[in-house]
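Student: Sequence first, predicted coordinates after that:
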Amino acid sequence: MIKTQLSDIWKKALAEIEGEISRPSFETWFKATELVAYYEDYLIIRVPNEYAKDWLEKSYIGLIKNNLEKILEHPVKINFVTFSNKENEIDIISENLSNTPDPNLNDLDQLEETQRLQQMREEQEMDKISEYENKFEPNKKHQNNYQHNYQTDYSDSDTLLEKHLNPKYTFDTFVVGNSNKFAHAASLAVAESVAKAYNPLFIYGGVGLGKTHLMHAIGHYVIKNNKNAKVVYVTSEKFTNELIDGIKDDKTANFRNKYRNIDVLLIDDIQFLAKKERTQEEFFHTFNALHEANRQIIISSDRPPKEIPTLEERLRTRFEWGLITDIQAPDLETRIAILRKKAQIEKMDVPDDVTLYMADKIKSNIRELEGALVRIMAYASLNNRKVDLDLAIEALKNIIPEDKPRPITGELIQEVVASTFAIRVEDLKAKKRTKNVVFPRQIAMYLCRELTDLSLPKIGEIFGGRDHTTVIHSYDKINSEIKTEHGLKETIKKIKDNLQGK
Ligand SMILES: Nc1ncnc2c1ncn2[C@@H]1O[C@H](COP(=O)(O)OP(=O)(O)OP(=O)(O)O)[C@@H](O)[C@H]1O
């Protein structure tokens, strides 16, 4: 995103904001602000100081968000940075903006910055929500406190939440592999026969594995087949915030009206309802109203219902009424396929060895995998080089830790040997003389002598204070058997490979 576009967007937003708040407030809080970065749904707004940052976050985030979403026509996540603590980093972004004609570098910096800030911000938001949740009492005497402290407006609109669906998250762009095929099939079934297949559909899995993507895909599918379908996508944080706002403004009826009159409710990250009793209660009634009216509910979480702490039993059982399906970390083939798909969508030319390198190194989070791809493309374009393996290694050197093997120590040998023979490290050190322990122990002692500088008494010591003669005996025994027993030779080779990180 080039600078003029950023300032145009921000000018439009400011013009709207100016009309909605008092002149002195506008002059005080918005005059010296600037939109400095915009990547996908992340935006960074620079403000003069920490005080302004706090105030904008506390009081005007909803207003800013609403206006930017109206202008950009998609949901946004906003981060504020100050001149003081961000000066250097922002200078780097600005420098890049002016030095290179390629906006990708800025995308890259922005992405990293925004991701980091977003995480901080989300943590702060969660703290804030819990703080208010804890304060919550239906009792009106607390409401003034709310008004005083909690002016953030998250309830952005009653518009159809099609607006909140990321256009990129469709079934077409979702790569199906072993790790997600059940979740995908269930989602498709739900999208094809709303409220008839599984209700609710509960999708759980680790961070960045495609839960939100699948939920949005259901939303798109439903809307495509029925333009009038009311589809609402909401995170459980937002649900909580809207409820708090509803209570604060005495508008719980509006809130209920909104959530109980929809065809498909997609609620993301339900685990954040843990500990929020009042929100759970409200969600319980929302759930019942929708379910009884034969409306579809789709829920995502980072864990299955029974592992969400302090989730009310009645909600837990309801979550278990329909289908619970999980998404696992993708295997290598799926990771490669996702990278290829992403490269194809973005019209990037990425050689196979680069895709393989990335997929091999980044295993557990698809969001990180995508981030790495953006980084490589940006790095290539900045340096005016073609994308190849050398470039990929350079570009990702700060993301992918160097493959330094762990130093081989007695403890490491004990760990690896114990896990190879499915026994515990303590067994290796114990007095036990059963065959299933004695043999691995001898192997471990042999390896300690072969691969470390430990003296014989020291080796004896780490195996439960055994005498050095026992170590010599073990070493000699294994050393002679290895020459005649092929199986033992193979086993020891495998353990050595493991120790050397091969
Ligand atoms: N199977 C897939 N095919 C293509 N892209 C995928 C797939 N799985 C995940 N992604 C992409 O990975 C990124 C992260 O996915 P998503 O946001 O859906 O994860 P999530 O499970 O909801 O994570 P979180 O727990 O952080 O909310 C998105 O850009 C998404 O498009």
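Tutor: Done, it's in. Numbering: from 1, shown residues only.
Student: and the stretch 201-350 of the chain, which residues reach the ligand?
Tutor: Residues of the stretch 201-350 of the chain lying near the ligand by CB under 6 Å from any ligand atom: Gly205, Val207, Gly208, Leu209, Gly210, Lys211, Thr212, His213, Asp269, Asp302, Ile338, Lys341. All C-beta atoms are positioned from the backbone trio N, CA, C, and that covers glycine.
Student: So what's the residue count around the fifth one?
Tutor: For Gly210, the tally of surrounding residues (other CB atoms under 10 Å) stands at 24.
Student: Relative to Arg335, how far out is the residue in the stretch 51-200 of the chain that the ligand sits nearest to?
Tutor: Closest approach between the stretch 51-200 of the chain and the ligand, counting by CB to the nearest ligand atom: Val175, at 3.7 Å. According to CB to CB, to the nearest Å, Val175 stands 9 Å off from Arg335.
Student: Mind giving me the PyMOL command for buried ones among the residues of the stretch 201-350 of the chain next to the ligand?
Tutor: Here is the PyMOL command that selects the buried residues among those (16 or more other CB atoms under 10 Å):
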select buried, resi 205+208+209+210+211+212+213+269+302+338
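Student: which of the residues of the stretch 201-350 of the chain next to the ligand lies closest to Thr170?
Tutor: Closest approach to Thr170 among those (CB to CB): His213, at 8.5 Å.
Student: For the ligand, what is the nearest residue in the chain?
Tutor: For the chain, CB to the nearest ligand atom, closest residue to the ligand: Gly210, 2.6 Å.
Student: Report the contact partners of that residue.
Tutor: Counting by CB atoms under 8 Å, 6 or more residues apart in numbering, Gly210 touches Phe174, Asn180, Ala183, Ile327, Ile366.
Student: pLDDT score assigned to it?
Tutor: pLDDT, Gly210: 95.
Student: now swap in Ala15 and tell me
Tutor: Predicted confidence (pLDDT) for Ala15: 91.
Student: And Leu488, by the same measure?
Tutor: Value for Leu488, per-residue pLDDT: 88.
Student: SS state for it?
Tutor: Here Leu488 is recorded as helix under DSSP: H, G, I helix; E, B strand; the rest coil.
Student: likewise Thr491?
Tutor: helix.
Student: Of Val175 and Arg335, give the one with the bigger neighbour count.
Tutor: Between Val175 and Arg335, counted using other CB under 10 Å, Arg335 has the larger neighbour count: 25 against 20.
Student: host element of that one?
Tutor: Taking DSSP states H and E as the definition, Arg335 sits inside helix 332-345.
Student: Now do the helix or strand following that helix, average pLDDT.
Tutor: Counting by DSSP H and E, the next helix or strand C-terminal to helix 332-345 is helix 352-361. On average, the pLDDT along helix 352-361 is 93.
Student: Could you check the helix or strand just after helix 352-361 against the ligand for contacts?
Tutor: Going down the chain from helix 352-361, the next helix or strand is helix 366-382, by DSSP H and E. Yes. Using CB under 6 Å from any ligand atom, we find that helix 366-382 touches the ligand at Ile366, Arg367, Glu370.
Student: what's the neighbour count on the second one?
Tutor: Counted with other CB under 10 Å, residues neighbouring Arg367 total 14.
Student: Does it touch Thr212 like I think?
Tutor: No. Counting by CB atoms under 8 Å, Arg367 stays clear of Thr212, with 9.9 Å between them.
Student: so Glu312 makes contact with Glu282?
Tutor: No. Look at Glu312 against Glu282 with CB under 8 Å: they stay out of range, at 11.5 Å.
Student: Who has more neighbours out of the two?
Tutor: Glu282 (22 against 16).
Student: quick one: what helix or strand has the more buried one in it?
Tutor: Judged by DSSP H and E, Glu282 forms part of helix 277-292.
Student: Please point out which parts of that helix sit buried.
Tutor: Arg278, Thr279, Gln280, Glu282, Phe283, Thr286, Phe287, Leu290, His291.
Student: So what touches that helix?
Tutor: 133, 136, 138, 199-200, 236, 239-240, 243, 255-256, 259-260, 262, 265, 267, 273, 296-297, 311-312, 314-315, 318, 321.
Student: Narrow those residues to just the buried residues.
Tutor: 133, 136, 199-200, 236, 239-240, 243, 255-256, 259-260, 262, 265, 267, 273, 296-297, 311-312, 315, 318.
Student: Narrow those residues to those in helices?
Tutor: Glu133, Ser236, Phe239, Thr240, Leu243, Phe255, Arg256, Tyr259, Arg260, Leu315, Arg318 (DSSP state H).
Student: quick one on the thing from earlier: what about the residues of the stretch 201-350 of the chain next to the ligand, which are in helices?
Tutor: Per DSSP H, the subset of these in helices is Lys211, Thr212, His213, Ile338, Lys341.
Student: Can you add distance to Asn166 and give these back as TSV?
Tutor: Below are these laid out as TSV (distance: CB to CB, whole Å):
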residue	distance to Asn166
Lys211	13
Thr212	8
His213	8
Ile338	16
Lys341	16
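Student: between the residues you listed, which is nearest Ala430?
Tutor: For those, the residue nearest Ala430 by CB to CB is Lys211; the value is 44.5 Å.
Student: Next, find the distance separating that closest one from Gln328.
Tutor: Distance of Lys211 to Gln328, given as CB to CB: 12 Å.
Student: what sits in contact with each of these two?
Tutor: Joint contacts of Lys211 and Gln328 (CB under 8 Å, 6+ apart) are Gly205.
Student: Pull the number of nearby residues for the closest residue to Leu72 other than its chain neighbours.
Tutor: Once flanking residues are discounted, Leu72 sits nearest to Ile9: 7.0 Å by CB to CB, 6 or more residues apart in numbering. Around Ile9 there are 18 other residues, counting by other CB under 10 Å.
Student: so what's Ile9 up against?
Tutor: Leu35, Tyr38, Leu68, Ile71, Leu72.
Student: The second one pairs with what?
Tutor: This points to Tyr38. Leu43 (DSSP bridges).
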